[in-house]
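Novice: sharing a sequence plus its predicted fold:
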Amino acid sequence: MTRNIRIPRVSAMALAIALAASVHVRAAETTGGNAMIAGGSADDAEDGSSMLIATADFNRDGVADVAEIARPAGDPDKPYILQLLFGQRDGSFRPESLPMTLKGDPRSMAAGDFNGDGAPDLLIGDRDGAVTELLGDGRGNLRFAGEIAHVGSAVSIAVGDFNRDGIPDIAVSDFRANAVTILLGSGNGSFRAGWSFALPMRGTTYYLAAADFNGDGVSDLVISSGEEGTFVVMLGNGNGTFTYAPALSNIRDPNSYCPT
C-alpha cells in the first residue's frame, strides 16, 4: 500500500534538496553495474569501495570543485587518499597532482569557510571520533590545522549558522554516544562545545543535513538513517539549541522520541 506523507509548513522538496545537497555524502562506487549507498553502523567493515565527497570552490575560480576521500583502486589495505578535483567550465574535473594521504578511518567530511578568510576549508570526521580541520588557501591547497574536537565516532557532519552570528557552526552525529553534538564556530578556525541531544535509536547510524526549513533565518537540522522515508526535524532556536518538531518529522512513533 502506498502511503502519502503530508509535511506541514516544510516543503518536501526543501527536505530532499537539503539531504541530497548536504556537503558530506557517503556513497559506494558502482559495483557490477549497481550503484549502492553505504549505510549501516559505524562499526561495519569497510569493503574498500566507499568514498566521501564534499563540494566547494577550493581555488576560487567561480566553478564548483570536489574533495574526494577514497582508497586507491578500492584497496582495503591501503590508507585513504584525499584528492581535490577542480571543476572546469565544460562540466569536467581536473584532478590535483599531489593528493594527501590520510591517517585513520574517515567517516564524514564537510566544507565551509571556518576561519573567515574567504577560502573553503574541510572538516574530516573519523571512526575514532577525531574531527580534523584542513584550511584552504583559496588556490586549491589544503593544510592540516589539527584536531578541533573529539567525540565517540564522527559519522556525519552538517554545517550551518546555529546561533545567528554569521559564523559557520557544525553538528556532529556521534554513533557511539548516540547523540548529536553542536560545535559553535569562533570565526578563526576553532570551535567550542555547545548543546548536545540524543538520537532516536542506539545502534543506528544517523546522517545530518542543515538548512532553514521554516523560513525564520535560523539553520535547522534534519536527521535521517538508512530506513526509507524516515527523518527527524529539529528546528533551530537561534542560540545553538534546537526544538524537536514531531509534526514535521516522519518516524514510526514521533511522540516517543525525546531528544533532551
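Specialist: Yes, it's here.
Novice: helix, strand, or coil at residue 247?
Specialist: helix (DSSP: H, G, I helix; E, B strand; the rest coil).
Novice: does residue 170 sit in a helix or strand, and which one?
Specialist: Using DSSP states H and E, residue 170 falls within strand 169-174.
Novice: tell me which strands that strand pairs with, and in which orientation.
Specialist: strand 154-160 (antiparallel), strand 179-185 (antiparallel) (DSSP bridges).
Novice: single out the most deeply packed of these.
Specialist: Mean neighbour count (mean count of other Cβ atoms under 10 Å) peaks for strand 154-160 among the strands paired with strand 169-174, with a mean of 26. From N, CA and C alone the C-beta is placed, and that goes for glycine too.
Novice: give me the contacts around it.
Specialist: Contacts to strand 154-160, defined as Cβ atoms under 8 Å, 6 or more residues apart in numbering, come from residues 22-24, 26, 42, 107-112, 123, 125-127, 129-131, 168-175, 205-211, 219-221, 236.
Novice: same thing but at 7 Å, please
Specialist: 22-24, 42, 107-108, 110, 112, 123, 125-126, 129, 131, 168-175, 205-210, 219, 221 (Cβ atoms under 7 Å, 6 or more residues apart in numbering).
Novice: rewinding a little: figure out how far the strand holding residue 170 is from the centre of its chain.
Specialist: Centre-to-centre, strand 169-174 and its host chain are 8 Å apart (Cα atoms, centre = their mean, to the nearest Å).
Novice: convert it to CSV, retaining C-alpha atoms only.
Specialist: C-alpha atoms of strand 169-174 as CSV (Å, rounded to 0.1, in the frame of the first residue of the first chain):
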residue,chain,number,x,y,z
ASP,A,169,28.9,26.1,13.2
ILE,A,170,28.8,22.3,12.9
ALA,A,171,26.6,19.5,14.1
VAL,A,172,28.3,16.1,14.5
SER,A,173,26.4,12.8,14.6
ASP,A,174,28.2,10.5,17.1
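Novice: need the residues that contact it.
Specialist: Strand 169-174 has contacts (Cβ under 7 Å, 6+ apart) with 110, 123, 125, 131, 151-163, 180-185, 191, 206-208, 210, 221.
Novice: please enumerate the helices of this structure.
Specialist: 12-20 (DSSP state H).
Novice: low pLDDT regions in it?
Specialist: For the chain, the stretches flagged by pLDDT under 70 are 1-50, 74.
Novice: if we go to 90?
Specialist: Applying pLDDT under 90 to the chain picks out residues 1-51, 72-77, 96-98, 226-230, 251-258, 260.
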